[in-house]
Every structure is written in C-alpha cells, then in structure tokens.
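> model this:
(one chain, ligands or ions: 1)
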Amino acid sequence: MQSALTTSSLVAVVGAGAMGAGIAQIAAAAGHPVKLYDTHPEAVDKALAGIRKTFGMLAEKGRMTQDEADAASQRLQKANALEQLADARLVVEAIVENLDVKRQLFGELEKVVANDCILATNTSSISVTALAAKLALPGRLVGMHFFNPVPLMALVEVISGLATNVEVAGCIFATAAAWGKSPVHAASTPGFIVNRVARPYYGEALRLINEKAATPATIDAIMREAGGFRMGPFELMDLIGHDVNFAVTQSVFTAYYNDPRFTPSLVQQELVNAGFLGRKSGRGFYRYDDGSKPVPETIADVPKTDRVTVVGQSHAIDGIAGRAMSAGASVQRVDGSSGADAFIQCGDAVLCLSDGRTATQRAAEEGIANLVLVDLALDYTNASRLAVTAAAQCDDHAFRMAVGFLQMAGYAVSRIVDVPGMAVMRTVAMLANEAADAVNQGVCDAAGADIAMRKGVNYPQGPLAWADGIGLGYVRRVLNNLARTYGEDRYRVSPLIQQLVWSNTIT
Ligand code: NAI
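Below is the predicted model:
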C-alpha cells in the first residue's frame, strides 16, 4: 500500500468556504503545516478564526489537550498569493464548482508547485478526467471528495480520472486514512459513488408520494423506525434543499444520458417551482414556519391476535413471530416453504413479506384473498414500526387480525396504499441494485460501495451487505416484480446481481 504524506509535508487548501475550512482544520489537526488561500482574503481570515475557535472548544471539551490545540492553530497560515504555496506537497482545491475556473486554477498551480506536488480536487460533480486534461502532468491530479461537514463526516471518495497515477491515488487514500477518515477508491464517473448510489433513496420516496402511497410523515417514520435510516427521505430532502437535491438528480440523469433509473420527479420540480425549498425557505414537504409537527399515520389499537400459525421460515417471519412469542402470543410452527413463501396465518389473514408485487396482484396470482403484506425492516427484533398493506380482496376483519398480531408483537403499524414493493423493500432493493451496477461498471469495489453509503450518508447498513442479508435471489425477485408492474427499464436488474444469483444456482 502507498504511504501517506508525512506530517512535515505542507498541505495547501485553496478556497476558504465551508469545505476548504473543514479540510484545513483536519489537515492541521493531523499534524500538517497548512496554508489556506482564497481570492477573497477576508474569507481566509474568517475561516482561520473559526478553526482556531473550534480547536479551543475541542480543548475545553477534552477532545484534545490545550497544547495540541495551540500547536494545531499555529500550524495554520494564511497565504496571500498562489505563489506562497510553492512548497506544498499537496494542494486541495475547494473553490467554486465550475470546470473552467477550476481548470484555470490548476493550470496556475502547476506553474507554482514542484513536479511531485499532488493536486487534489474536492469537486462533487465535475469529471476528474476533464479537470486533469489540460495539465502538463495530468497524472498528479486526483479527486479528494470530502462530505459536509468535513470534521464530522468520515467518508473521503478518492477519485481517479483516466490519467491519474495509481501511486497518487494510493497516497491520497493513505493520507485520508491518516487524517482519521474512511477513504474509498472510485473511478471518475457521474455522481462518483454516494451521489449516484443514494439517488433511489430520494427517487423511490418521490414516486411513493406521487402515487399517494402515504403521507411524507408516515413514509419518513417507516424509513426511520423500520428501515433504520437516520432521517426519512422527505425530512432529508427538506434539509438538503429541494433546489440542491433536484439539481444533483438532474445532473446525474443528464450525465447518464437520461437513464430512467435517475429520472427526476415532477413532485420535486413543483416544490422548486413554488419556492418550497425545505427548511431554508420555511416550507418543503413540511412546514417550518407555523410550529406544526408532522405526525405519522398509525393504526389505532385493535383487539390482539394472540394465536397464530407460522408456515415455513424466513428472516422476517421468524423475527416477527419471535417478538410476538416474547409478548406472550401462542405461535404454532408448521413446515412449509421458506423465504418469500413463508407466511403467518393470523386468523383469516395470511401475512407475508412483500416481494415487489402489490398485495392485490399476489392475492390474485396465489388465490389468497385475505392477503396482508408487511414491509422490510432492517431488524425485526428491534424495529418500532412496520408498514403493512392489504389486497383489495382482503376483508376488513382479516386485515384487523393481522394488525392485531403485529400490535401484539409491539410494533406501531402504518398502513400504506397497495403500491408494489411497499417503502423500505423497494428502496433497499434499488439502493443495492445501484450499488451493484457501480461495482459492475468498475466504479468501486463492493466493500467501497458499502463503506461509502455508511460513512457518507449514514446508512444503517451498506446496501450490498443488506441485499446479501435479504438474499440476492429475493432482491432480484423484488426488482423483477417492480419492473413487471411498472413496465419500466428503471427497475432492470443489475447484471452483477443476475450473475451472482445464477452462480449460486445449481440446475
Ligand atoms: P463555498 O462557496 O462555501 O466556498 C468557495 C470558496 O472558494 C469561496 O470562499 C470563494 O471565494 C473561493 N473561490 C472561488 N473561486 C476561487 C478561485 N479561483 N481561487 C481561490 N478561491 C476561490 O463553497 P463550498 O461549499 O465550500 O464548496 C467548495 C467545493 O467543494 C465545490 O467544488 C463543491 O462542489 C465541493 N463540495 C461541496 C460540498 C458541500 O456540501 N458544500 C460537499 C462536497 C464537495
């Protein structure tokens, strides 16, 4: 493995905005002398004052000693001109997101720094290959993509363009690790890893709202309390800002030549049109200007169903049944098919895990009128909420028996409209599908994809490890059922998932 830059190496940061200040802070904290430059000198003064204050606060909280804080503060210097960066071993660029402006800066930097100085860009959307193209030494340019806020977010995507030297990417990987970050290698492709693989988290949620599956507050609660995500998709989009989130989706969609996987949502377009940009404008999916608090829809308590029969085995069914037994339910076990075909007979109702079909379609195809589907949960033993849906053919009494069983097991139960793949299941299947395609196309390896999503956007589990847990065959079934229902290429199964399922199948 390539070694990291030594701490005696001067690190220069160009651009003293939110990202540049954060990068300068962590480089200085890691022991490097750091020079910060910005075309607006007052931005450097503001950033340096802010970083020094932060070091002081960290010392007060005991996260670093006062001596360490003082030393780190002293390692930071203001540069008044690019020429003052001549001794840098690494320059990290965090200026305005514009290809021509960044290219010009790197051209000027090449005239100033030594030939072995690494040039890194923090761009979130511009091709690293294109940024390097006009350089005399294009092999020295690499992407070093931090996440906001830099001191708190562990992920660094180390992006190689077509010309990037392997040693340069290796050194930046090792340096990011030495700075306490979790680096992953990625090839320069639109959205890199996180901004590409995360698209379905927003995209599927926006489709659910478009199909009136449930209220935003209900879907957010399901994604948090069943899916284990830190924030639901709607509150997260409100936080990011719909203008920003919509622009990223549009840019990825355009960059992939209108691949339907990334199709932007008219629902979000309308929010942008209205100026309902989220928290920053006082209104997005939620209102922030009237003190109202979003409340998820939860089915009121129904009579408990405390005797059921479990037929077959699956992770979901076993998890739910185990919890019900702990709560005192009598659960009779009968042999039967495992996986997707396992079910719980709750009185007249048959309760199964969603497999991407609507309950109504599955009821018709399997000849079970009183069919109730339950959504995926990250961990059925600890989830506080589950989503359910019922076939159009299901009678109300049967539905209430299924709900009575889930309530007995201690779940808050939210009913959503009978959409294919429900909420968590279709989202996780699509996240895994996108991650699998990124791996299949050589953007990153499987471990890198999972680290990126856990460390860059705080997912509770990497999408590929999650898909392995569900079973890749099951994920393929969900995607195929979504594709069949919608008739859209959006849900086509990644060739990697196909290949892995086939390779595990002996015929
Ligand atoms: P910002 O607008 O807060 O700061 C940019 C700074 O660069 C400003 O102080 C500006 O005066 C300075 N600047 C502009 N042109 C310059 C030039 N030619 N030479 C020297 N200084 C120049 O921007 P922010 O948010 O810090 O973003 C910087 C870069 O990081 C962009 O490429 C952005 O896409 C990327 N990025 C941003 C993230 C975010 O969440 N804000 C996350 C990851 C990457």
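> sec struct for the residue in the stretch 101-250 of the chain that the ligand sits nearest to, please.
Of all residues in the stretch 101-250 of the chain, Asn148 sits closest to the ligand, at 3.3 Å by Cβ to the nearest ligand atom. No exception for glycine: its C-beta is placed from N, CA and C like everyone else's. Using DSSP: H, G, I helix; E, B strand; the rest coil, the structure places Asn148 in coil.
> pretty sure it contacts Gly20?
No - applying Cβ atoms under 8 Å as the test, Asn148 and Gly20 come out as separate, 11.5 Å apart.
> with neighbour numbers in mind, choose between the two.
Gly20 (25 against 10; other Cβ atoms under 10 Å).
> for Ala392, which non-adjacent residue is spatially closest?
Thr360 (4.5 Å; Cβ to Cβ, 6 or more residues apart in numbering).
> with Ala130 instead?
Leu99 (6.3 Å).
> then Ala465?
Nearest to Ala465 is Asp450, by Cβ to Cβ, 6+ apart, at 5.4 Å.
> can you pull the contacts of the residue of the stretch 351-500 of the chain found nearest the ligand?
Residue nearest to the ligand within the stretch 351-500 of the chain (Cβ to the nearest ligand atom): Gly456, separated by 9.9 Å. By Cβ atoms under 8 Å, 6 or more residues apart in numbering, the contact set of Gly456 is 147, 153, 155, 157, 193-194.
> what about the strand or helix carrying Ala47, distance to the chain center?
If you go by DSSP states H and E, Ala47 is part of helix 41-60. The chain centroid and the centroid of helix 41-60 are separated by 30 Å under Cα atoms, centre = their mean, to the nearest Å.
> so which elements touch it?
Judged by 3 or more Cβ pairs under 8 Å, 6 or more residues apart in numbering; DSSP states H and E, helix 41-60 is in contact with helix 18-29, strand 34-37, helix 66-74, strand 76-78.
> and the residue of this protein nearest the ligand?
Gly17 (1.8 Å).
> burial measure for that residue, as a count.
15.
> and what of Arg283?
18.
> so who does it touch?
Contacts of Arg283 (Cβ under 8 Å, 6+ apart): 276, 289.
> redo that, cut-off 6 Å
Residues near Arg283 by Cβ atoms under 6 Å, 6 or more residues apart in numbering: Phe276.
> begin at 4 from here
Sure, I'll start counting at 4 from here, so that last one is Arg286.
> that one and Asp293: what is the separation?
Arg286 sits at a distance of 9 Å from Asp293 (criterion: Cβ to Cβ, to the nearest Å).
> please identify the buried residues of the helix or strand containing Phe256?
Secondary structure assigned from DSSP H and E places Phe256 in helix 245-258. Across helix 245-258, burial judged by 16 or more other Cβ atoms under 10 Å covers 245-246, 248-249, 251-252, 254-256, 258.
> one more: stretch 277-292?
Neighbour counts over stretch 277-292 (16+ other Cβ under 10 Å) mark 279-281, 284, 286-289 as buried.
> export these to JSON lines and tack on pLDDT and distance to the ligand?
As requested, the buried residues of stretch 277-292 are arranged in JSON lines below (pLDDT from 0 to 100; distance: Cβ to the nearest ligand atom, whole Å):
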{"residue": "Phe279", "pLDDT": "98", "distance to the ligand": "21"}
{"residue": "Leu280", "pLDDT": "97", "distance to the ligand": "15"}
{"residue": "Gly281", "pLDDT": "96", "distance to the ligand": "14"}
{"residue": "Ser284", "pLDDT": "95", "distance to the ligand": "18"}
{"residue": "Arg286", "pLDDT": "96", "distance to the ligand": "22"}
{"residue": "Gly287", "pLDDT": "97", "distance to the ligand": "18"}
{"residue": "Phe288", "pLDDT": "97", "distance to the ligand": "21"}
{"residue": "Tyr289", "pLDDT": "97", "distance to the ligand": "22"}
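> show the pLDDT at the residue nearest to Asp41 when sequence neighbours are not counted.
Excluding the flanking residues, the one nearest Asp41 by Cβ to Cβ, 6+ apart is Ala19, at 3.9 Å. Reported pLDDT at Ala19 in the predicted model: 98.
> any idea whether Ala19 is helix, strand or coil?
What three-state DSSP gives for Ala19 is coil.
> residue contacts, it?
For Ala19, the contacting residues are 39, 41, 46-47, 50, by Cβ under 6 Å, 6+ apart.
> shaky segments in the chain?
Residue ranges of the chain with pLDDT under 70: 509-510.
> run the last query once more with 90
Low-confidence segments of the chain (pLDDT under 90): 4-5, 292-296, 339-344, 507-510.
> how about the residues of it near the ligand?
With Cβ under 6 Å from any ligand atom as the criterion, the chain comes near the ligand at residues 17-23, 41-43, 46, 97-100, 104, 108, 125-127, 149-151.
> can I have the buried ones of those as a PyMOL selection?
To isolate the buried members of the residues of the chain next to the ligand in PyMOL, using 16+ other Cβ under 10 Å:
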select buried, resi 17+18+19+22+23+41+46+97+98+108+125+126+127+149+150
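> quick one, strands of the stretch 254-403 of the chain?
Taking DSSP state E, counting those that start in this stretch as the criterion, the stretch 254-403 of the chain contains strands spanning 310-314, 333-337, 346-349, 352-356, 374-377, 388-393.
> dump those into CSV; add mean neighbour count as well.
Output for the strands of the stretch 254-403 of the chain, formatted as CSV (neighbours: other Cβ atoms under 10 Å):
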stretch, mean neighbour count
strand 310-314, 20
strand 333-337, 12
strand 346-349, 24
strand 352-356, 26
strand 374-377, 28
strand 388-393, 25
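> got the residue ranges for the strands in the stretch 404-510 of the chain?
With strands called from DSSP E, counting those that start in this stretch, the stretch 404-510 of the chain shows them at 415-418.
> show the residue spans covered by the helices in it.
Taking DSSP state H, counting those that start in this stretch as the test, the helices found in the stretch 404-510 of the chain are 427-443, 449-460, 466-473, 475-489, 498-506.
> hang on, Thr361 packs against Met425?
No - under the criterion of Cβ atoms under 6 Å, Thr361 makes no contact with Met425, lying 9.2 Å away.
> tell me which of these two has more neighbours.
Ranked by neighbour count (other Cβ under 10 Å), Thr361 and Met425 place Met425 first, with 31 against 22.
> show the contacting residues for the more buried one.
Neighbour list for Met425: 357, 378, 390 [criterion: Cβ under 6 Å, 6+ apart].
> so who does the last one touch?
Shown in contact with Ala390 (Cβ under 6 Å, 6+ apart): 225, 378, 417, 419, 425-426.
> please name the nearest non-neighbouring residue to it.
In space, and not counting its chain neighbours, Ala390 is closest to Asp378: 3.9 Å by Cβ to Cβ, 6+ apart.
> tell me, how many residues neighbour that neighbour?
27.
> could you do the one 3 residues further on as well?
Burial of Leu381 is recorded as 19 neighbouring residues (other Cβ under 10 Å).
> contacting residues for it?
Contacts for Leu381 (Cβ under 6 Å, 6+ apart) come out as 230-231, 463.
> got it, and Val171?
121, 143, 145.
> Ala470 contacts Ala435, doesn't it?
Yes - with contact defined as Cβ under 6 Å, Ala470 reaches Ala435; the gap is 3.6 Å.
> okay, and the common contacts of these two?
In terms of Cβ under 6 Å, 6+ apart, Ala470 and Ala435 are both contacted by the residues Val478.
> what sits closest to Glu170 if chain neighbours are left out?
According to Cβ to Cβ, 6+ apart, the nearest residue to Glu170 is Gln5 (5.7 Å).
> OK, contacts around the one you found?
Gln5 neighbours (Cβ under 6 Å, 6+ apart): 170, 173-174, 177.
> in JSON lines: those, plus distance to Ser76.
Formatted as JSON lines, the contacts of Gln5 follow (distance: Cβ to Cβ, whole Å):
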{"residue": "Glu170", "distance to Ser76": "32"}
{"residue": "Gly173", "distance to Ser76": "31"}
{"residue": "Cys174", "distance to Ser76": "26"}
{"residue": "Ala177", "distance to Ser76": "26"}
